[in-house]
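Chemist: Sequence and predicted structure below; questions after.
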Amino acid sequence: MKQIKIIVEKHADGYVAYPLGMRGVVVGQGDTYEEALSDIKSAIKFHIETFGVEAMDTEDILETFIAELAFA
């Protein structure tokens, strides 16, 4: 079983989730954190079935950081 790092964002109207290190666009969403995780799991499975395991480029990710920048 492969581990995939997932970013989950909380918005006013629900949650959005996306995996790190996958080629292509893969996004999940839901009204709750759990729904977003379930949706992204389904989206990842579909993406791999469609594009093959080559779509997973997660081997090189050792750590994940969240940074904040200010723009003028």
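Modeler: Sure, I can see it.
Chemist: where in the protein is pLDDT low?
Modeler: 1, 58-59 (pLDDT under 70).
Chemist: how about a cut-off of 90?
Modeler: Residues of the chain that meet the criterion pLDDT under 90 lie in 1-5, 20-25, 48, 51-68, 71-72.
Chemist: ok, which stretches of it are helices?
Modeler: Secondary structure of the chain (DSSP state H): helices located at 33-51.
Chemist: show me where it has strands.
Modeler: For the chain, strands defined by DSSP state E occupy the ranges 6-11, 14-19, 28-30.
Chemist: In TSV, list the ones you listed along with distance to residue 50 and mean neighbour count.
Modeler: Bear in mind the C-beta positions are built from the backbone N, C-alpha and C, glycine included. Conversion of the strands of the chain to TSV gives the following (distance: least, C-beta to C-beta, whole Å; neighbours: other C-beta atoms under 10 Å):
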stretch	distance to residue 50	mean neighbour count
strand 6-11	19	12
strand 14-19	15	18
strand 28-30	15	19
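Chemist: Make JSON lines out of these and add distance to residue 64.
Modeler: Converted to JSON lines, the strands of the chain look like this (distance: least, C-beta to C-beta, whole Å):
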{"stretch": "strand 6-11", "distance to residue 64": "8"}
{"stretch": "strand 14-19", "distance to residue 64": "11"}
{"stretch": "strand 28-30", "distance to residue 64": "17"}
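Chemist: I'd like to know which of those strands lies nearest to residue 55.
Modeler: For residue 55, the closest of those is strand 14-19, at 10.1 Å, according to C-beta to C-beta.
Chemist: how far does the closest one sit from the chain's center?
Modeler: With C-alpha atoms, centre = their mean, to the nearest Å as the basis, the distance from the averaged C-alpha position of strand 14-19 to the chain average is 7 Å.
Chemist: who touches residue 44 in this structure?
Modeler: Applying C-beta atoms under 8 Å, 6 or more residues apart in numbering, we find residue 44 in contact with 4, 19, 22, 26.
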